[in-house]
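>>> I would like to see how this sequence folds:
(chains A and B)
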Amino acid sequence: MKMETEIERLDRARLRYLGAYLFFSGVAVVLFLVRFFFYAYGLNGSPAGIAVLIGLFVTVPASGLCVLGQGLLWARIRKDPKLKEALDDELLRAIEAQAWKAAYVGSAATVLFFAIASSMVHVCDAVTIALTTILVGAIAQRAAFYVKYRSA
Amino acid sequence: MTSKPLRNRLKVHRAMHNWTQAELARRVDVTRKTINTVENGRFVPSVYLALKLARAFDVPIEELFQLEDERAQE
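Residues are numbered from 1 along each chain as shown, chains lettered A, B, ... in the order given. Here you go, the predicted model:
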């Protein structure tokens, strides 16, 4: 009975960590893009630009802490074979696999976004575009997993 | 997650044994969510999990899972 409660508790805890990670990383990506365009228009030194920077200083470490929390939780789950089998079951793996479609769509949408943006502002930072595309793809995968697993 | 025409009698057998979804989940080493999705037909389990479920209830696998058309013939 105790193990049963532990499984459900850990299952809820990892969803909470993932939800928090998605919130902070999502906000961080939006702020990063705003900063990217502020840079193009020379607005990063303005009060709005500084506010965006402060927002990044808050959201990036916060999402890092969420990743750390998830990692520690997984380390704890892996120690116990019974917990690992229950919390890494086939439903979870099926949803994980399905969620990769969202990663592709997210990355493709980001490339399209930069392609459209390049017609309005001068976009020349290829590293930023590449990193943002990968980051959005990864976040989209986790977001799709979160939504599907929560509604399952 | 799938919409394949597969029916199951998990709920019936759970009721017969007076087990909750969580109790069944514990017996076959999955989460309660997995049992819930299988029971509601939103997730078709692997042969491995289906066999574990059948073993937990001590019934043949066909007793738990049936194709939609097989059910109609009964």
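>>> On the pLDDT front, check A:Lys148 for me.
At A:Lys148, the pLDDT value in this model is 93.
>>> How many residues are close by it?
17 (other Cβ atoms under 10 Å in any protein chain shown). Any C-beta I mention is one placed from the backbone N, CA and C, and that applies to glycine too.
>>> what's the closest non-adjacent residue to it?
In space, A:Lys148 comes closest to A:Ile95 once its chain neighbours are excluded; the distance is 4.7 Å by Cβ to Cβ, 6 or more residues apart in numbering or on different chains.
>>> can I assume the one you found is in contact with A:Ser151?
No - taking contacts as Cβ atoms under 8 Å, A:Ile95 lies outside contact range of A:Ser151: 9.9 Å.
>>> Between these two, tell me which one has more neighbours.
Between A:Ile95 and A:Ser151, counting by other Cβ under 10 Å, A:Ile95 is the more crowded of the two (22 against 9).
>>> Secondary structure element holding that one?
Counting by DSSP states H and E, the element that carries A:Ile95 is helix A:90-117.
>>> what about residue 51, how many neighbours?
No chain specified, so I'll use chain A. 12.
>>> meant chain B actually
14.
>>> What pLDDT is listed against A:Gly69?
At A:Gly69, pLDDT is 94.
>>> in which helix or strand would I find it?
Secondary structure (DSSP H and E) places A:Gly69 in helix A:47-79.
>>> State the next helix or strand along the chain beyond that helix.
Next along from helix A:47-79, by DSSP H and E: helix A:81-87.
>>> Buried residues, that following helix. List them.
A:83, A:86-87 (16 or more other Cβ atoms under 10 Å in any protein chain shown).
>>> now swap in stretch A:145-152 and tell me
Under 16+ other Cβ under 10 Å, the buried positions of stretch A:145-152 are A:145-146, A:148-149, A:152.
>>> Let's see the pLDDT reported for A:Met120.
pLDDT at A:Met120 comes out at 83.
>>> and if you look at the one 10 residues further on?
pLDDT recorded at A:Ala130 is 92.
>>> name the element it belongs to?
helix A:126-151.
>>> chain center to that helix: distance?
6 Å (Cα atoms, centre = their mean, to the nearest Å).
>>> Give me the buried positions along it.
In helix A:126-151, the ones that count as buried by 16+ other Cβ under 10 Å are A:128-129, A:132-133, A:135-137, A:139-146, A:148-149.
>>> can you check stretch B:49-63 too?
In stretch B:49-63, counting by 16+ other Cβ under 10 Å, buried: B:49-50, B:53-54, B:56-57.
>>> Spell out which parts of chain A neighbour chain B.
A:3-4, A:7-8, A:11, A:82, A:85-87, A:89-92, A:94-95, A:98, A:148-149, A:152 (Cβ under 8 Å from any Cβ of the partner chain).
>>> what about 7 Å?
A:3-4, A:7-8, A:11, A:82, A:85-87, A:89-91, A:94-95, A:98, A:152 (Cβ under 7 Å from any Cβ of the partner chain).
>>> Greatest separation within those: which pair is it?
For these, the maximum inter-member distance is 28.3 Å, found between A:Met3 and A:Gln98 (Cβ to Cβ).
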